[in-house]
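**Q** Predicted coordinates and the sequence they were generated for:
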Amino acid sequence: PPPPPPPRTDKKTNTLPRSTTSRYPVSPRMTTTPPPPPPNPIPYGCLPPYLPGSASLIEQLDKRLLIVLRDGRHLIGILRSFDQFSNFILEDTLERKILEGGVYAEVALGLFLIRGDSVVLLGEVVASSTTTAGGGGTDDDDDDDDG
């Protein structure tokens, strides 16, 4: 027998005509609609108590942080921004150089951009009432006339 003629294509779209019947039977499971997604337990606009990955750094925004880098430097500054790669922008950054005997010196660096893959450790610095190497902890040199 001769081979069947090639199927005719639609002249407008240059595609084969669609048939309404399929060669393959349709399973009854394929015709059901999927169940609706479960309701979100977190209200819109509220942050959950734990965020995965670098998103958990949202809690650290506008706080003073100590960051230890791979090359051994210790940077202290206010976290202003970060991205999905844990790159940080620190404002009022100080480099703390630790000397012998627990004594340290601080070098002002200003605005600092830190690449995320160079960060080893990150922690919040809580202000204490003790004196730092950079200045005094009392307000004795204020110029107010209290009496």
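**A** Alright, I've got the coordinates.

**Q** Wait, Phe85 touches Val119, no?
**A** No. Assessed by CB atoms under 8 Å, Phe85 is found out of contact with Val119, at 10.4 Å. Bear in mind the C-beta positions are built from the backbone N, C-alpha and C, glycine included.

**Q** where exactly do the strands run in the protein?
**A** Along the chain, the segments classed as strands by DSSP state E run 64-69, 74-82, 88-98, 104-114, 119-124.

**Q** how about CSV for these, with distance to Ile58 added?
**A** Converted to CSV, the strands of the chain look like this (distance: least, CB to CB, whole Å):
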stretch, distance to Ile58
strand 64-69, 13
strand 74-82, 9
strand 88-98, 13
strand 104-114, 17
strand 119-124, 13
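
**Q** more neighbours, Phe85 and Val119?
**A** Per other CB atoms under 10 Å, whichever of Phe85 and Val119 has more neighbours is Val119, with 16 against 10.

**Q** Name whatever forms a beta bridge with the more buried one.
**A** Assessed by DSSP bridges, Val119 has beta-bridge partners Leu69.

**Q** same check, this time on Thr93
**A** Thr93 has these beta-bridge partners by DSSP bridges: Gly110.

**Q** Lovely, talk soon.
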